[in-house]
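[1] with the sequence up front, the predicted model follows.
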4 protein chains.
Amino acid sequence: MSGNTFGQIFRLTTFGESHGVGLGGVVDGCPPGIPLDESIIQSELDRRRPGQGGLASTTRNEPDQVKILSGVFEGKTTGTPIGFFVENTNQRSHDYSKIKDVFRPGHADFTYNAKYGFRDYRGGGRSSGRETVSRVAGGAIAQELLRLEGISIYAYTVEFGGIKAEVKDIEGAQDRSYFSPDPDIVETWDERVIKVRDDEDTLGGVVEVRATGLPAGLGEPVFGKFDARIAAAFMSVGAVKGVEIGSGMGAARSLGSENNDPIGPDGFLSNNAGGILGGISSGQDVVARAYVKPIASILQEQQTITATGEPTFIMVGGRHDISAIPRINPVLKAMMALTIADLLLLDRRLGVRD
Amino acid sequence: MSGNTFGQIFRLTTFGESHGVGLGGVVDGCPPGIPLDESIIQSELDRRRPGQGGLASTTRNEPDQVKILSGVFEGKTTGTPIGFFVENTNQRSHDYSKIKDVFRPGHADFTYNAKYGFRDYRGGGRSSGRETVSRVAGGAIAQELLRLEGISIYAYTVEFGGIKAEVKDIEGAQDRSYFSPDPDIVETWDERVIKVRDDEDTLGGVVEVRATGLPAGLGEPVFGKFDARIAAAFMSVGAVKGVEIGSGMGAARSLGSENNDPIGPDGFLSNNAGGILGGISSGQDVVARAYVKPIASILQEQQTITATGEPTFIMVGGRHDISAIPRINPVLKAMMALTIADLLLLDRRLGVRD
Amino acid sequence: MSGNTFGQIFRLTTFGESHGVGLGGVVDGCPPGIPLDESIIQSELDRRRPGQGGLASTTRNEPDQVKILSGVFEGKTTGTPIGFFVENTNQRSHDYSKIKDVFRPGHADFTYNAKYGFRDYRGGGRSSGRETVSRVAGGAIAQELLRLEGISIYAYTVEFGGIKAEVKDIEGAQDRSYFSPDPDIVETWDERVIKVRDDEDTLGGVVEVRATGLPAGLGEPVFGKFDARIAAAFMSVGAVKGVEIGSGMGAARSLGSENNDPIGPDGFLSNNAGGILGGISSGQDVVARAYVKPIASILQEQQTITATGEPTFIMVGGRHDISAIPRINPVLKAMMALTIADLLLLDRRLGVRD
Amino acid sequence: MSGNTFGQIFRLTTFGESHGVGLGGVVDGCPPGIPLDESIIQSELDRRRPGQGGLASTTRNEPDQVKILSGVFEGKTTGTPIGFFVENTNQRSHDYSKIKDVFRPGHADFTYNAKYGFRDYRGGGRSSGRETVSRVAGGAIAQELLRLEGISIYAYTVEFGGIKAEVKDIEGAQDRSYFSPDPDIVETWDERVIKVRDDEDTLGGVVEVRATGLPAGLGEPVFGKFDARIAAAFMSVGAVKGVEIGSGMGAARSLGSENNDPIGPDGFLSNNAGGILGGISSGQDVVARAYVKPIASILQEQQTITATGEPTFIMVGGRHDISAIPRINPVLKAMMALTIADLLLLDRRLGVRD
């Protein structure tokens, strides 16, 4: 596919640029009869807004009001495609001359130019983080489907700026600064942010996503493995540079006797597999982590070249987040929801579960 | 898709079980006029055979002779689907009663049962590592296409049993034990194997795959990002539990000022991005790593349950590799080749490069 | 796929209901640099409006103003998805109680209920002819791409209400009543309409679509044949019950010696094949015809049942067209354009033509 | 897709050339637990062999023995891909010099050359009618799935050489010459064959395919309509130049009052719709017809050109069928079965039926 559609049966197609008319999408393949209205999608969109970001996010105000354009009738999905749109209301007219013909290090300016011959240089166009608005909206619809199946998804920050958090409380994390699962780490992280902001630099971190209530049997063998689908889903989010499932990287350094999960009469006795064996869900929680690079836009001079290859220096101005965390959390949650919704419907063809 | 097809334009569909008639596949979408014969595919298949495994692999003899069934005429591809098949010649009649009704920890026995209601229990059937024979054969065809485009792919072991290797010589690694890029580490790794074998345990490791000679511009935006495709490709290989691109996990702990790659008149001054920006190739080497868990089959008693839920202990017998490394190296190389071939052809539609 | 996406590389995904907020779509995979603005799409949309319908269409006013939501920057496509939307401005509040719980003969009421359990009964929802607004808009974008390749597409009515037209002038047909290729038949067709309207009945007809300027080599072998793609494209349009290519039905009654197209030094000497041999374009005009059933909504009492299975009679009121012709012409033209755009880009992967 | 895969969930991928090693395919997405062995596939393959062809087919002996390569264990499908292969045993060494560099009128020689730059000229390679062996084998597997759902499919010849048959007995037609539904027409058709053979010419005809026992609700709206899928399936078969559903072409010449199917308490009172309304099955029989052109290979001199464009005459020698009928009947039956199997599984996602 041409890159802007995710999923095979429960499918999200997205469009829109950061500084164009707005961002939208189409969810095709959603079963009929699922309760849905704009407020449900809106509540997920609000999660990716600044404010919950503790000190790490700008306080720029982005209302991001979603409008459902089709596929819902009398408060329920009809089984036809659900179109939605979020208008861009916040483009201050802006001077782009500085970045119009210069490639910002760490950004996609260079590669978009290489691929398409030219680019919408206003705020990164399609490569902007704002593209994730459509993912979160689509993911919110997927989560309504999953809710009916008793499946819940949590995203929380397990490491920020090199400082790990303990996973103490994932329910509470959903409304805590940085989506932190550890109330006691928030202040330390705040201090880290203040220090880095003074240094005019940016931070990365690690987000863990957990799905609970899954049936065993989801995922397709070989190329369509559940974990392969998660890896693609997470790595498709800008700034994510690594993905691991269960014990992940640690598994590579452990012994088979340590990493295998023994099975007792009441189920598995550990979950190094992250809830997936042979690419298929085991019924345990599915646990995956995304490694997020620091924001590329820093308030420092950086060496680069112009579109014509002239050496130059650029100082990317404007108000920017210190980190993609925590605003990336609801995005990763959405990607997990979209992945599971698709595998769930795909699995029904086997007529085993229904 | 139903899980056994990889790629959108350059497509590999595979079939076959470890203890069935054999393993095969169909490559559809390969351009015409590419020189191809069985010896080219065979040489890649031979790479995944024991022997090159240093001490880590069994010396079980698997000829794995490939036969091309279609799509090649007078020594060149015709543009029609290329069917191939590798007969299973090595199934010693075997007593499966021990695993028939018992779930082996770390294996897909439990989940395949959950999904399909029953399974081909002979040596894991479709979830066996032997499934990768079809991937390597298909990847060999992809590599012929890439060769004509000046693209080369290398896979080498950068960490084994917790012991890192220095990347000194990746050309030589292709014919060195463990596909090691460091001649001086081989002996240490051998000693590790001997120790672990005595302990009746197994090892994991980390494989790096590098693609050179890529044009800038490959990869699709948003969901079809080059790195997302690599993540899916690698994570679809059994035993892989983590994937990273470029500085990967490290990026999550670095500062923006450290992680950005400055651009000089002669190109990028570093490659933390791993050759991919915004999901699109920059023209630098594409560098990705797969984290491989230890082999699940260990010569120790493990707690588990029977198909009917009765608690029991199992001791998985038979001759098994100590590690999926190094035999997984040509498999990961093949997955990278298949990914690039597909993106390369997909990109041509833009008519920019041609 | 879930049914609302057309094409593999040049892809149109549509959404919207006849009496919802509006109708829209997303074109993904369109190459960058193609001149595009709303007026180009609007001019195609205007073709499916009443007025050009001679007497066969209602004079109901549907402005159908299209708005481009993304993918165009400084007057050219960027290579990113092109979102568009057409608001429904014309839903008079309407009494649907009569059709809410009754299945209209010839309509999809019964089958939508069977599939989805319930339906958006307002004017047919997704099964309404208004769905084609999105097709025409998407097709207009495809036609811009084809124009740059020197490919033109014409749709014209070759038979209406059982009365055939001679194909005298297909250029002029584009602006003639009924898109008639024969100026001398228009009056006869008008008389047919008046008679049938007096009888409170409706009419069908046959539309021919011709593509000129095609390169030889388009179309994929076996399942992806050019003619198979056209057949799916045309038959996916409501009211189309038959499709033929070239000599079509006539071929089934001819002899091989009559139906084969001899080849002379300057090319084929006839075109019974309709420009397609073995599923691949020959470079001749591609010629296909769609057979269109009469409009199902008639001003007569018809026997049917209620949603609960009670026998009843229904008299479908409201102002309705006498025939899907000629408003279906630009829709079929759009479907041909979308089909060719997709095959054209798909073919580039072979790197033969570029 | 690259053209050699059919279906989205129940997917058939085929490969092989008429004069290569053989023909095969992979069925991916077939549910587990369906009884299957080689004899079931073989019995369908035997239907497309000469003999049943009355006088219209050659008596050339083609054993076409199928071998299942994977996906079946202990007599049942496992849910993993089903690979199969049919060896070509019948290539008499043959002199191709006459057709190697000359384009046969009515054949795909010219277009394959245009697309791929060169071709496997031996007997048409991939464009040969022998390609349908893989379709029939795949369709046989689909029919096993449908049988469990109570769905049956019949293909029978309703017109041959311009002479219509009455549809008297479709059960008997399956074992009657020409798959004729009318015992009394066989002799007339035999006479037509003798006459045409004397004239060294060939014939076409019309095949009707009927599916019974379908649930209401199959088919996707808009682009994925049931009838659109049938049209693509049938038109993808070589020699088919037209497809119609239900009253088809006739609908275009009828009035709405004639063509609508009234609904009574016990169901529809007629079936002009051919069992499909709005692209979705109504529960009535699905009825479609394929219009088949005469065989292109005739024993007469025909004007053509060489690969270098020189004018010449060709006389295609060898033993050839007089008509694609009746050997095309089991192929069309297979395509209908593959289409329904895919829609049936696709529909399950809605969780309405299961």
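    Cool, got the structure.
[2] where does the prediction get shaky in chain A?
    A:1-2, A:50-62, A:90-95, A:317-318, A:350-354 (pLDDT under 70).
[3] go through it and flag its longest helix.
    For chain A, the longest helix by residue count, based on DSSP state H, is helix A:329-348.
[4] next, the angle helix D:329-348 makes with that helix.
    With axes from the mean of the first three to the mean of the last three CA atoms, to 10 degrees as the basis, helix A:329-348 and helix D:329-348 are set at 140 degrees to each other.
[5] please see if helix A:329-348 touches chain C.
    No. Legend: contact between helix A:329-348 and chain C by CB under 8 Å from any CB of the partner chain is lacking; minimum distance shown is 9.2 Å. For every residue, glycine as well, the C-beta is placed using N, CA and C.
[6] touching chain B at all, that helix?
    Yes. Counting by CB under 8 Å from any CB, chain B has neighbours in helix A:329-348: A:346, A:347.
[7] would you mind writing the CA trace of that helix as PDB?
    Taking C-alpha atoms only, helix A:329-348 is exported to PDB below (Å, rounded to 0.1, in the frame of the first residue of the first chain):
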ATOM      1  CA  ASN A 329       2.000   7.800  24.900                       C
ATOM      2  CA  PRO A 330      -1.600   8.100  23.600                       C
ATOM      3  CA  VAL A 331      -0.200   7.600  20.100                       C
ATOM      4  CA  LEU A 332       1.400   4.300  21.000                       C
ATOM      5  CA  LYS A 333      -1.700   3.300  22.800                       C
ATOM      6  CA  ALA A 334      -3.700   4.000  19.700                       C
ATOM      7  CA  MET A 335      -1.300   2.000  17.500                       C
ATOM      8  CA  MET A 336      -1.600  -1.000  19.800                       C
ATOM      9  CA  ALA A 337      -5.400  -0.700  19.700                       C
ATOM     10  CA  LEU A 338      -5.500  -0.500  15.900                       C
ATOM     11  CA  THR A 339      -3.200  -3.600  15.700                       C
ATOM     12  CA  ILE A 340      -5.300  -5.700  18.100                       C
ATOM     13  CA  ALA A 341      -8.600  -4.600  16.500                       C
ATOM     14  CA  ASP A 342      -7.300  -5.800  13.100                       C
ATOM     15  CA  LEU A 343      -6.000  -9.100  14.400                       C
ATOM     16  CA  LEU A 344      -9.200  -9.700  16.400                       C
ATOM     17  CA  LEU A 345     -11.400  -9.300  13.300                       C
ATOM     18  CA  LEU A 346      -8.900 -11.200  11.100                       C
ATOM     19  CA  ASP A 347      -9.000 -14.100  13.600                       C
ATOM     20  CA  ARG A 348     -12.800 -14.400  13.400                       C
END
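[8] helices or strands next to that helix in the packing?
    With contacts defined as 3 or more CB pairs under 8 Å, 6 or more residues apart in numbering or on different chains; DSSP states H and E, helix A:329-348 has these neighbours: strand A:5-6, helix A:38-47, helix A:132-148, strand A:152-160, strand A:205-212, helix A:226-235, strand A:286-292.
[9] strand partners (parallel or antiparallel) of the shortest one?
    Pairing partners of strand A:5-6, with direction, according to DSSP bridges: strand A:11-16 (antiparallel).
[10] give me the distance from the strand it pairs with to the chain's centre.
    What separates the centre of strand A:11-16 from the centre of its chain is 14 Å, taken as CA atoms, centre = their mean, to the nearest Å.
[11] which residues are in contact with the helix or strand just after that strand?
    Next along the chain after strand A:11-16, taking DSSP states H and E as the criterion, comes strand A:22-28. Contacts to strand A:22-28, defined as CB atoms under 8 Å, 6 or more residues apart in numbering or on different chains, come from residues A:10-17, A:69, A:71, A:81-88, A:130-131, A:133-135, A:137-138, A:141-142, C:1-5, C:13, C:15, C:26, C:69-70, C:83.
[12] quote the end-to-end distance of stretch A:220-228.
    End-to-end distance for stretch A:220-228, by CA to CA, to the nearest Å: 10 Å.
[13] how about that stretch, does it reach chain D?
    Yes. Interface with chain D: stretch A:220-228 contributes residue A:221 (CB under 8 Å from any CB).
[14] check contacts around residue A:209.
    Residue A:209 neighbours (CB under 8 Å, 6+ apart): A:153, A:154, A:155, A:234, A:287, A:288, A:289, A:290, A:332, A:333, A:336.
[15] also residue A:335?
    Residue A:335 touches A:6, A:135, A:139, A:230, A:233, A:234, A:236, A:237, counting by CB under 8 Å, 6+ apart.
[16] OK, contacts around residue A:7?
    Shown in contact with residue A:7 (CB under 8 Å, 6+ apart): A:29, A:338, A:339, A:341, A:342.
[17] can you do 7 Å?
    A:338, A:342 (CB atoms under 7 Å, 6 or more residues apart in numbering or on different chains).
[18] going along the chain, name the strands of the stretch 151-300 of chain A.
    Remark: strands assigned in the stretch 151-300 of chain A by DSSP state E, counting those that start in this stretch are A:152-160, A:163-164, A:205-212, A:240-245, A:263-264, A:267-268, A:276-277, A:280-281, A:286-292.
[19] neighbouring strands for the first one, and are they parallel or not?
    Taking DSSP bridges as the criterion, strand A:152-160 sits next to strand A:163-164 (antiparallel), strand A:205-212 (antiparallel) in its sheet.
[20] and the residue lying closest to residue A:88 once chain neighbours are set aside, how many neighbours?
    Nearest residue to residue A:88, sequence neighbours excluded (CB to CB, 6 or more residues apart in numbering or on different chains): residue A:22, at 4.7 Å. A count of nearby residues for residue A:22, using other CB atoms under 10 Å in any protein chain shown, gives 23.
[21] distance check, residue A:22 against chain B.
    Counting by CB to the nearest CB, to the nearest Å, the gap from residue A:22 to chain B is 16 Å.
[22] next: residue A:303.
    Taken as CB to the nearest CB, the span from residue A:303 to chain B is 4 Å.
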